[in-house]
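Chemist: Provide a 3D model corresponding to the input given below.
(chains A and B)
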Protein chains: 2
Amino acid sequence: MVDILHKVGIKSASPDAAYRALTTVDGLAGWWTSDTRGDGKVGGVLQFRFGTGGFDMRVLELGSGKRVRWQVIDGPAEWLGTTIGFEIRQDGDWTVVFFKHQGWQEPVDFMHHCSTRWVVFLLSLKALLETGAGAPWPNEIKLDSWE
Amino acid sequence: MVDILHKVGIKSASPDAAYRALTTVDGLAGWWTSDTRGDGKVGGVLQFRFGTGGFDMRVLELGSGKRVRWQVIDGPAEWLGTTIGFEIRQDGDWTVVFFKHQGWQEPVDFMHHCSTRWVVFLLSLKALLETGAGAPWPNEIKLDSWE
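Modeler: Predicted structure coming up:
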């Protein structure tokens, strides 16, 4: 099992906006994919679409404005059963988001791709919260011919 | 042991410029840190500085315009003994760089930070090769208060 691990800081005195951006359909649509639908409550299913493909996530856990965890229930084979977690820590003037996409079976080429692509979207989250404008799909930075 | 894995594509019909950017002092200074010194040949030591801190890398391997591998011989404790590798594959109009920073002992907070920060610099490499201008230290995107 191999994991994708990241950390991004957002210049913000309060973690509340980050938590909203990670737990509401409107928030998620502002930085990951503009085509986000579903139910962000515990037990609900969120649907993230990127044109023809995408992911369905079941919300496993929401923790007091600080933790979010999803399980992938539909999407590419390599993602099925993996979990995605966000942990928010406030550090003075910074809201710091720790990100984990855990449970990959093998470190395949697609995992390398997704690890880099998560940062593209985490930088979009940072931009959304610092400037009011993220770059969710279809306006994100394109990494290569796989997109 | 845990690894940082990434992949970034550069719109380019030839891998030669990417190989130069990963193996020469001038090339590395164009996307990672403007304060790069040393000897990029096999057995040589490259010194990367970011103000007060930095890394020394011994060049372990250079492979026919396609592979680069370094070992960290000086720097933060978590980096000592880890290896960093780049593999270049040409895919039509794209030069694709697979990146591996391998051999971390534990998935510490600092590893999350470095994984994200590598993408900031790999996007700088992409910009250097696609536009002629990278964003090496001290002009890179700042992620948080650790920088």
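Chemist: and A:Met111, that's in a helix?
Modeler: Yes: assignment of A:Met111 by DSSP: H, G, I helix; E, B strand; the rest coil places it within a helix.
Chemist: got the contact list for the residue minimising distance to the centre of chain A?
Modeler: For chain A, the residue sitting closest to the mean C-alpha position, by CA atoms, centre = their mean, is A:Trp32 at 6.5 Å. The contact partners of A:Trp32, taken as CB atoms under 8 Å, 6 or more residues apart in numbering or on different chains, are A:Phe48, A:Phe121, A:Ser124, A:Leu125, A:Pro136, A:Trp137. All C-beta atoms are positioned from the backbone trio N, CA, C, and that covers glycine.
Chemist: near chain B, which of the residues you listed show up?
Modeler: The subset of the contacts of A:Trp32 within reach of chain B, counting by CB under 8 Å from any CB of the partner chain, is empty.
Chemist: Just the closest of these to B:Gln71, please.
Modeler: A:Phe121 (31.7 Å; CB to CB).
Chemist: Just confirm the closest one contacts A:Trp31, I think it does.
Modeler: Yes: using CB atoms under 8 Å, A:Phe121 is in contact with A:Trp31, at 6.2 Å.
Chemist: what touches both of the two?
Modeler: By CB under 8 Å, 6+ apart, the residues touching both A:Phe121 and A:Trp31 are A:Pro136.
Chemist: Between those two, which is the more surrounded one?
Modeler: Neighbour totals were compared for A:Phe121 and A:Trp31, and A:Trp31 leads with 25 against 21 (other CB atoms under 10 Å in any protein chain shown).
Chemist: list the contacts for the more buried one?
Modeler: A:Ala21, A:Phe121, A:Ser124, A:Leu125, A:Ala127, A:Leu128, A:Gly134, A:Ala135, A:Pro136.
Chemist: State the distance from the most far-flung residue of chain A relative to its centre to B:Asp109.
Modeler: Most distant from the centre of chain A: A:Gly92, at 23.3 Å, with distances by CA atoms, centre = their mean. Applying CB to CB, to the nearest Å, the value for A:Gly92 to B:Asp109 is 16 Å.
Chemist: could you pull out the helices for chain A?
Modeler: Along chain A, counting by DSSP state H, helices occupy A:16-23, A:25-29, A:109-131.
Chemist: from what I can see A:Ile10 touches A:Thr95, true?
Modeler: Yes: with contact defined as CB under 8 Å, A:Ile10 and A:Thr95 form a contacting pair (4.5 Å).
Chemist: Might one say that A:Arg58 is in contact with A:Gly44?
Modeler: Yes: using CB under 8 Å, A:Arg58 is in contact with A:Gly44, at 7.4 Å.
Chemist: out of those two, which sits in the more crowded spot?
Modeler: A:Arg58 (18 against 13).
Chemist: Contact partners for that one?
Modeler: Neighbour list for A:Arg58: A:Gly43, A:Gly44, A:Val45, A:Trp70, A:Gln71, A:Ile73 [criterion: CB under 8 Å, 6+ apart].
Chemist: Chain B: which of those is nearest?
Modeler: For these, the minimum distance to chain B (CB to the nearest CB) is 18.0 Å, reached by A:Trp70.
Chemist: Now do the contacts for the closest one.
Modeler: Taking CB under 8 Å, 6+ apart, one finds A:Leu46, A:Met57, A:Arg58, A:Val59, A:Leu60, A:Thr83, A:Ile84, A:Gly85 in contact with A:Trp70.
Chemist: so which of these comes closest to B:Phe99?
Modeler: Proximity of the contacts of A:Trp70 to B:Phe99 (CB to CB) peaks at A:Ile84, which lies at 21.6 Å.
Chemist: Thought A:Glu130 was touching A:Arg17, still the case?
Modeler: Just to correct that, residue A:17 is Ala rather than Arg. No: contact between A:Ala17 and A:Glu130 fails when scored by CB under 8 Å: they sit 9.9 Å apart.
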